[in-house]
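J.: return a 3D structure for these sequence lines:
(one chain, ligands or ions: 1)
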Amino acid sequence: MKTVLITGGSEGIGFELAKCYAKDGWTVILAARNRKKLDTAKEILTKQFHVQTETISIDLSEQGSAQKLYDTVKEMGYEPDELINNAGAGYAGTSWEIPVEDDERLVSLNDTAVMTLSKLFIKDMIRKQNGLIVNIASTGAFQPGPYIASYYASKAFVVRYSQAMNYEAAGTGVHVLAYCPGPVDTAFYKKSNGVRPPFYMSAGQAAGYLYRHRDTKKDILIPGLIGNLSNLLPARVRMHLIVMIKGNMKQK
Ligand SMILES: NC(=O)c1ccc[n+]([C@@H]2O[C@H](COP(=O)([O-])OP(=O)(O)OC[C@H]3O[C@@H](n4cnc5c(N)ncnc54)[C@H](OP(=O)(O)O)[C@@H]3O)[C@@H](O)[C@H]2O)c1
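T.: Got it, this is the predicted structure:
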């Protein structure tokens, strides 16, 4: 039986992804903070798809938490075939007005945890000469993000780190992929105090696209026409367009 570990798998894109794996009979391990949401997610997956579902309540923005998650998964007797580093957070606002502690937690969650979990799990995968690590970034990774600066910058780290790791892993049987959706309709915007642009995809669409295309040989995967087309524009033009769209939306 194949096993996938999904961080942030209790809601949004992560939970929709969990459903895709469960539908195909995979054992699913979900890691997130909120115990109640994890229990609900487990109940749905077990009832709907009759698969083994494990949940681990952990705050991945805390120091040492990635190693703790790795150890817990191993103690439970699992060695995931696929790892989805999906848990992430963002804070909208003028960069110097966002409390330092919030941005420090953001970097710990969006970057440090992703890097550490990738490092730890890739070694087991290389030993088995088989495995996939998907790091969920964003189209925000490809240009500066005024008024959501730390989030966009953190996702740029995710893309570049994943690409480099994937290059190093050539010939090992392990693939590392950065997945870069544009706007997705989840609770993310409410939590980040941000503004969702008028064009977006559902969490089910974002997860389904990744699930169907995850055997790509590429190191970056972008779903949807808008995300792929806008990436052809120079980064500065994209940055101004994004600020314009979000500015207009605030006035509505
Ligand atoms: N929504 C978008 O427009 C969009 C676009 C591109 C990329 N993304 C990326 O996609 C990923 C998933 O986003 P989403 O939109 O699905 O967000 P979401 O609906 O807010 O879900 C976030 C998930 O991460 C978990 N999480 C948050 N903080 C955590 C922490 N400190 N430790 C452990 N787990 C934590 C949450 O559970 P708990 O709160 O219980 O911990 C939840 O399961 C993120 O990396 C995000 O940056 C989102």
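
J.: ok, and what's touching the helix-or-strand element of the chain with minimal mean pLDDT?
T.: Using mean pLDDT, DSSP states H and E, helix 235-251 stands out as the lowest-scoring helix or strand of the chain, at a mean of 81. Residues outside helix 235-251 that contact it (Cβ atoms under 8 Å, 6 or more residues apart in numbering) are 142-147, 194-198, 230-231, 233. Quick note: C-beta positions are derived from backbone N, CA and C, even for glycine.

J.: longest helix anywhere in this protein?
T.: helix 149-168 (DSSP state H).

J.: ok, that helix near the ligand or not?
T.: No - Helix 149-168 does not reach the ligand (Cβ under 6 Å from any ligand atom); its nearest approach is 6.7 Å.

J.: please save the CA atoms from that helix in CSV.
T.: C-alpha atoms of helix 149-168 as CSV (Å, rounded to 0.1, in the frame of the first residue of the first chain):
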residue,chain,number,x,y,z
ALA,A,149,6.2,40.9,0.4
SER,A,150,7.4,38.1,2.8
TYR,A,151,4.9,35.6,1.4
TYR,A,152,6.0,36.1,-2.3
ALA,A,153,9.7,36.0,-1.3
SER,A,154,9.1,32.9,0.8
LYS,A,155,7.6,31.1,-2.2
ALA,A,156,10.5,32.2,-4.4
PHE,A,157,12.7,30.3,-2.0
VAL,A,158,10.5,27.3,-2.3
VAL,A,159,10.8,27.3,-6.1
ARG,A,160,14.6,27.8,-6.3
TYR,A,161,15.3,25.3,-3.5
SER,A,162,13.1,22.6,-5.1
GLN,A,163,14.7,23.2,-8.6
ALA,A,164,18.2,22.8,-7.1
MET,A,165,17.3,19.7,-5.1
ASN,A,166,15.6,18.2,-8.2
TYR,A,167,18.8,18.8,-10.2
GLU,A,168,20.9,17.1,-7.5
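
J.: thank you, goodbye.
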